[in-house]
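1. Sequence plus predicted model, see below.
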Amino acid sequence: MPGIVIVGTQWGDEAKGKITDFLAKDADCVVRYNGGANAGHTVVVDGKTYKFHLIPSGVLHGKKVYIGNGVVVDPDVLIDELETLRREGFQPDLHISDRAHVVFDFHKLEDGLQERFKGNLRAGTTRRGIGPAYSDKAARFGIRTADLLDEEVLRSKLNMLLGLKQKIFNKVYGEDVRFNNKKIFEKALQFGKAISNYVCDVSSEINEALDEGKIVIFEGAQGTLLDIDHGIYPYGTSSNTIAGGACTGVGVGPKRIDKVVGVMKAYTSRVGTGPVPTELKNDIGERIREKGKEYGTTTGRPRRVGWLDLVPVKYSIRVNDIDNLVITKLDVLSGINPLKICVKYKCEDIIIDTIPSDIRTFEKCEPIYEELEGWRDNVDWRKIARKGYEALPEEAKEYLQRIENYLKVPISIISVGPERRETIVLNRIFESKK
Ligand code: IMP
């Protein structure tokens with residue numbers, strides 16, 4: 001022990017990558033438990049930016065990094081990330097679950113076709129084939145990394161899957177595509193060879209690490225509101241993004257998790273479709289988007305931004321049982337006055353402070369705001385990060401205190417810039433063994 005889960009409390013893009021990297025310094029291993037190349041985790045070290053879609057963020061510290069069974073693996077992206085890391089002088093100590101499913105090119109094509117078919121109910125996916133890959137997994141058509149290592153198994157499973165997809169593409173979507181089964185098979189086999197040394201029983205290795213007292217970080221991708229069960233259905237992703245996903249997505253029991261760390265941005269952002277009650281479609285929104293560089297790491301799409309909405313975060317604290325909060329991008333709000341925080345929704349004549357399960361009700365929710373004094377624009381955040389919490393502008397402290405009072409969970413880390421050193425630690429989330 002201990003096992004620490006890092007989970008997004010909003011719609012993803014809360015800067016979990018930076019926080020995972022920051023905490024990974026004192027950990028032994030980092031394991032991804034959900035999602036695939038739809039995720040985009042950015043880490044900035046000494047002015048250099050690293051973007052990961054699949055490889056866990058702890059890799060830059062030279063830690064053991066694992067891809068759990070709950071992740072869907074895109075071969076092209078994984079190979080590309082490994083090559084990039086090697087070029088940069090890193091030797092990733094990577095382990096991939098033999099039970100993780102593989103994303104094929106036809107999944108990406110199917111993703112786009114499904115979105116077209118859904119019309120208004122489309123989620124605005126990243127087109128990375130995530131939904132189709134998880135659907136095949138649930139329907140028991142999927143191909144796991146272990147299958148890539150056995151030519152005969154791969155051939156028979158792939159032929160069956162391609163037979164099915166061929167019919168769906170032609171007859172359901174009316175697409176005139178003809179799969180080259182041999183080419184797809186060869187590519188999959190090649191990928192299997194390239195990763196064969198990394199494929200292992202990740203559940204067994206992580207349980208062993210925990211038995212030995214190692215510190216394991218379970219790195220979540222996306223955010224709670226994108227969770228397949230607890231998110232804003234059907235506008236989310238296809239995996240369990242919540243902390244519980246760490247157990248199923250790695251193969252550890254719930255008692256293995258000692259701490260759940262919720263990461264929240266100081267405002268709201270969302271990429272993709274679906275209601276966002278506090279969305280700002282004005283100059284303030286534009287200012288936040290530009291200052292916060294709110295463009296999708298995976299797709300480059302401009303993110304929708306809005307005032308901080310505490311209702312989803314409160315909901316997130318419940319479904320994840322969050323022990324500690326990390327607030328990121330506080331610096332982005334500098335110079336905006338006043339600041340607004342949504343504390344409840346007015347839904348027709350009813351006041352609520354949770355996320356309704358029914359999308360039509362959620363669409364009708366209007367934010368009820370509290371106003372707070374903003375702080376000045378010209379703040380030297382690096383200096384503040386060096387000096388610590390007390391050096392923050394008084395108004396920023398009040399903003400944080402209001403959040404803490406409302407959520408009743410301690411804020412343990414504040415991030416005031418993309419760099420590792422632009423981070424203020426208020427209380428340690430776990431004790432380093434060094
Ligand atoms: P998918 O995961 O590509 O199927 O996309 C489903 C929904 O989740 C879309 O609205 C995406 O924009 C959103 N989404 C998926 N991954 C991320 C992420 O890493 N950050 C933020 N939004 C995401």
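-> Perfect, thanks for sending it. Residues are numbered from 1 along each chain as shown.

2. Every contact and neighbour count from this point should use C-alpha atoms.
-> Will do.

3. Tell me the first helix or strand C-terminal of the lengthiest helix in the chain.
-> For the chain, the longest helix by residue count, based on DSSP state H, is helix 151-167. Next helix or strand after helix 151-167 toward the C-terminus (DSSP states H and E): helix 181-195.

4. any idea of the mean pLDDT for the next helix or strand after that next one?
-> Sequence order places strand 199-200 as the next helix or strand after helix 181-195, per DSSP H and E. Confidence for strand 199-200, expressed as mean pLDDT, is 98.

5. coming back round to it: could you check the longest helix of the chain and say which residues are buried?
-> Judged by neighbour count using 16 or more other Cα atoms under 10 Å, the buried positions of helix 151-167 are 154-155, 158-159, 162, 165-166.

6. okay, among these, which ones form the most distant pair?
-> Using Cα to Cα, the buried residues of helix 151-167 span at most 17.5 Å, a distance reached by Leu154 and Gln166.

7. May I have the phi/psi pair for the closest residue to Leu109 other than its chain neighbours?
-> In this structure, Leu109 finds its nearest non-sequential neighbour in Gly129, 7.1 Å apart by Cα to Cα, 6 or more residues apart in numbering. In terms of degrees, to the nearest 10, the main-chain angles of Gly129 are phi 80, psi 20.

8. Check Ala396 too.
-> Backbone torsions of Ala396, given as degrees, to the nearest 10, read phi -70, psi -40.

9. near the ligand, which residues of the stretch 101-250 of the chain?
-> 123-128, 130-131, 222, 226, 235-237 (Cα under 6 Å from any ligand atom).

10. quick one on the thing from earlier: what average pLDDT does the longest helix of the chain get?
-> Throughout helix 151-167, pLDDT has a mean value of 97.

11. Stretch 33-49 too?
-> 91.

12. when you scan it, is anything in it near the ligand?
-> Yes. Stretch 33-49 is in contact with the ligand by Cα under 6 Å from any ligand atom, via 38-40.

13. Serialize the residues you listed to TSV and add fields for secondary structure and neighbour count.
-> TSV is the format used below for the residues of stretch 33-49 next to the ligand (DSSP: H, G, I helix; E, B strand; the rest coil; neighbours: other Cα atoms under 10 Å):
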residue	secondary structure	neighbour count
Asn38	coil	23
Ala39	coil	24
Gly40	coil	23
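
14. Identify, from those residues, the entry nearest to the ligand.
-> Looking at these and their distance to the ligand, the nearest is Ala39, at 3.4 Å (Cα to the nearest ligand atom).

15. Quick one: residues contacting the nearest residue to that closest one once chain neighbours are set aside.
-> Distances taken as Cα to Cα, 6+ apart place His53 nearest to Ala39, at 5.1 Å, with adjacent residues excluded. Residues touching His53, when contacts are defined by Cα atoms under 8 Å, 6 or more residues apart in numbering, comprise 36-41, 77, 298.

16. CSV please, covering those residues and showing distance to Glu286.
-> CSV is the format used below for these (distance: Cα to Cα, whole Å):
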residue, distance to Glu286
Gly36, 29
Ala37, 27
Asn38, 24
Ala39, 23
Gly40, 22
His41, 23
Val77, 31
Thr298, 20
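
17. For these, which two are the farthest from each other?
-> The two members of the contacts of His53 with the most space between them (Cα to Cα) are His41 and Val77, at 13.4 Å.

18. what about whatever residue of the stretch 251-400 of the chain ends up closest to the ligand, how many neighbours?
-> For the stretch 251-400 of the chain, the residue closest to the ligand is Gly272, as judged by Cα to the nearest ligand atom, at 3.7 Å. As a burial measure, Gly272 scores 18 neighbours (other Cα atoms under 10 Å).

19. what about it, which SS state?
-> Judged by DSSP: H, G, I helix; E, B strand; the rest coil, the three-state class of Gly272 is coil.

20. my guess is it meets Gly124, correct?
-> Yes. Taking Cα atoms under 8 Å as the definition, Gly272 is a contact partner of Gly124 at 4.4 Å.

21. And the lowest mean pLDDT element among the helices and strands of the protein?
-> Ranking every helix and strand in the chain by mean pLDDT, DSSP states H and E puts strand 41-45 at the bottom, with a mean of 86.

22. tell me what that strand is packed against?
-> helix 16-24, strand 48-52 (3 or more Cα pairs under 8 Å, 6 or more residues apart in numbering; DSSP states H and E).

23. Would you mind checking which of the ones you listed scores lowest on average pLDDT?
-> The weakest mean pLDDT among the helices and strands packed on strand 41-45 belongs to strand 48-52, with a mean of 89.

24. which strands and helices sit next to that one?
-> So strand 48-52, by 3+ Cα pairs under 8 Å, 6+ apart, packs with strand 41-45.

25. buried ones in stretch 421-434?
-> For stretch 421-434, burial by neighbour count (16+ other Cα under 10 Å) applies to 421-424, 429.

26. CSV for the residues you listed, including pLDDT, secondary structure and distance to the ligand?
-> As requested, the buried residues of stretch 421-434 are arranged in CSV below (pLDDT from 0 to 100; DSSP: H, G, I helix; E, B strand; the rest coil; distance: Cα to the nearest ligand atom, whole Å):
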residue, pLDDT, secondary structure, distance to the ligand
Arg421, 93, coil, 24
Glu422, 96, coil, 22
Thr423, 97, strand, 22
Ile424, 97, strand, 24
Ile429, 89, coil, 24
